[in-house]
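*Asks:* pasting the sequence and the predicted model now:
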Amino acid sequence: MDVRGNSQPINKVDAEALAVAVFKDEKADDGVLKVLDKAADGLISSVIKSEEFAAKEGETAYFHLTDTSLRARRLLLIGCGDRSDYKARQISQMAGTAARFLRSKNAKTIAIVPRGEGEVEKTAQWTISGAVMGLFEPDKYRTKEKEQRQVDRFEVVIEGADKKVLERGAERGRIIGESANFTRDMANEPGGYMTPTAMAERAKKMAREVGLSVDVLDQKQIEKLGMGSFLGVSRGSDEPPKLIVLKYTPPKKTKSDGLLALVGKGITFDSGGISLKPGENMELMKYDMTGAATVIGTMRAIAQLKPAVPVLGVAPCCENLPSGKATKPGDVLRAMTGKTIEVINTDAEGRLILADAIAYAKRLGATQIIDMATLTGAVSIALGDVHTAILGTDQKLIDSFIDAGKAVGENFWQLPLDKEYTNQIKSDIADIKNVGGKKAGTITATAFQKEFADGVSWAHLDIAGTAWGDSATPYRSKGPTGVAVRTLVEFIERSAQ
């Protein structure tokens, strides 16, 4: 994707289509809108005055222009609501709306005027990442009614800005947007195609392209490490498990001796195992590897942005299927740490593979761990699809991560993790059990993982409610959302500072 920064006046911007942010109650008699209104022969003031276009968030007005002072011949106004609310999320969504709308009109070159009043580089980054993410479509396997139109170039236009700063922000936005889409593409793959082996191959190919070190542990190596919790999930399938390990090392040595590890759940298809899920909507369980895909996509971005801190990515990948070999309810598994686990429900499998992956990240030297998983249905009941749940043992880490999310327009909400919740996962026959009952399902699932995160700064993201969009929006297709990639990148870069 060709992305550029442009600091010229809008009447000199050379693109097929111009997309401009407009705010609620704004008039066409000042600034950018005045210039556009004059070029459009009063059309903008007319639609605003008639209230045909009220600049509500996501609202659009589209014009074809002739005999105009603008080089662009198509103009799209995008409503952004109140100016006081116009931050990273709104800028990204505005740009995504521009990308999707104008692609549908077959525009090949699109210039976006975000009109943000904040830092130029960040505004450019949010604009381009939002536009690039807006182009994602889940129609890879369609043979007809497939989106064939392509956008060749995006430009972010901030008149009078330092062009080098604009270009840097635009390039950063491209890297982050394409990495989020990389995650989304993996999450959208059918389970028959995105097997653990296929996921490992894709991670290795990506690592070679961007310069990450990569190691993929096979079943024998996993067995040798004593990862009985991980293997207890995978043994119901004929597909062998894989443990993907990615490592980013900064170009220059750093003073910090800490190591951040990102750990992601990679259940490439989840039937529930012996505790079989209902058939309705089971096809969506192909996205149960989104935690692992988020780790891999984030590492892709980090390798190109090159922050001054090392980062480790760990992704345990397997299928959870019923068979004569599968783990049964009532079985006891022994994790890599030696801790024993009574399996109450085989559909509570994500926490089982994460337990060994967290332990392995610690063995590799991680001092700080953020794990992410489509872990519980309970989180959707608690928070819907608006906030991602975050829990953990290090309040400073949690606060810093929530702040990083706010900076890029992603919402995270902390749930409690009091020690009393651990009582719900005590087992009569083993050290712990993998289900804590009906109450506080998201919290007790995290309490289980806490048992393996001792000795490190740790936070958990339950992305089950936010990793998949059930319906399309003006700025995003239906399907995988790429949630948390942008926040993870922001958090890591802030840590490097």
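*Replies:* Received it, and whenever you're ready, just let me know what you need.
*Asks:* give me the mean pLDDT for the biggest helix by length in the chain.
*Replies:* The helix spanning the most residues in the chain, taking DSSP state H as the definition, is helix 163-188. What helix 163-188 shows for mean pLDDT is 98.
*Asks:* does Asp162 really touch Ala124, like I thought?
*Replies:* No: using Cβ atoms under 8 Å, Asp162 is not in contact with Ala124, being 10.5 Å away. For the C-beta atoms, the positions are set from N, CA and C on the backbone; glycine is no exception.
*Asks:* more neighbours: the two, which one.
*Replies:* Neighbours per residue (other Cβ atoms under 10 Å) separate Asp162 from Ala124, with Ala124 holding more: 32 against 13.
*Asks:* quick one: contacts for that one?
*Replies:* 5, 114, 156, 158, 165-166, 168-170, 172-173 (Cβ atoms under 8 Å, 6 or more residues apart in numbering).
*Asks:* name the element it belongs to?
*Replies:* helix 120-134 (DSSP states H and E).
*Asks:* could you do Lys220 as well?
*Replies:* Counting by DSSP H and E, the element that carries Lys220 is helix 219-224.
*Asks:* do the same with Ala207
*Replies:* helix 196-210.
*Asks:* for that helix, buried residues please.
*Replies:* Neighbour counts over helix 196-210 (16 or more other Cβ atoms under 10 Å) mark 196-200, 202-204, 206-207, 210 as buried.
*Asks:* pLDDT and distance to Asp85 added to the residues you listed, as a markdown table?
*Replies:* Converted to a markdown table, those look like this (pLDDT from 0 to 100; distance: Cβ to Cβ, whole Å):
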| residue | pLDDT | distance to Asp85 |
| --- | --- | --- |
| Pro196 | 98 | 43 |
| Thr197 | 98 | 46 |
| Ala198 | 98 | 42 |
| Met199 | 98 | 39 |
| Ala200 | 98 | 43 |
| Arg202 | 98 | 38 |
| Ala203 | 98 | 38 |
| Lys204 | 98 | 43 |
| Met206 | 98 | 36 |
| Ala207 | 98 | 40 |
| Val210 | 98 | 36 |
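*Asks:* circling back to that earlier point, can you show me the CA trace of the helix holding Ala124 as CSV?
*Replies:* Provided in CSV are the C-alpha atoms of helix 120-134 (Å, rounded to 0.1, in the frame of the first residue of the first chain):
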residue,chain,number,x,y,z
VAL,A,120,0.8,15.7,13.8
GLU,A,121,2.6,12.4,13.7
LYS,A,122,0.0,10.6,15.8
THR,A,123,-2.9,12.1,13.8
ALA,A,124,-1.3,10.8,10.6
GLN,A,125,-0.7,7.4,12.2
TRP,A,126,-4.3,7.1,13.4
THR,A,127,-5.6,8.2,10.0
ILE,A,128,-3.6,5.8,7.9
SER,A,129,-4.0,2.8,10.2
GLY,A,130,-7.8,3.4,10.3
ALA,A,131,-7.9,3.7,6.5
VAL,A,132,-5.8,0.5,5.9
MET,A,133,-7.9,-1.5,8.4
GLY,A,134,-11.0,-0.2,6.7
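*Asks:* what pairs with the helix or strand that it is followed by, and is each one parallel or antiparallel?
*Replies:* On the C-terminal side of helix 120-134, the nearest following helix or strand under DSSP H and E is strand 153-157. As defined by DSSP bridges, the strand partners of strand 153-157 come to strand 2-6 (parallel), strand 109-113 (parallel).
*Asks:* so which bits of strand 153-157 are buried?
*Replies:* 154-157.
*Asks:* tell me the angle of that strand relative to helix 120-134?
*Replies:* 150 degrees (axes from the mean of the first three to the mean of the last three Cα atoms, to 10 degrees).
*Asks:* what sits up against strand 153-157?
*Replies:* Strand 153-157 is contacted by residues 1-8, 10, 13, 15, 18, 99, 108-114, 123-124, 127-128, 131-132, 166, 169-170, 173 when judged by Cβ under 8 Å, 6+ apart.
*Asks:* and the helix or strand that contains Thr442, what does it pack against?
*Replies:* Using DSSP H and E, Thr442 sits within helix 441-450. Helices and strands touching helix 441-450, by 3 or more Cβ pairs under 8 Å, 6 or more residues apart in numbering; DSSP states H and E, are helix 350-363, helix 378-383, strand 388-392, strand 457-462.
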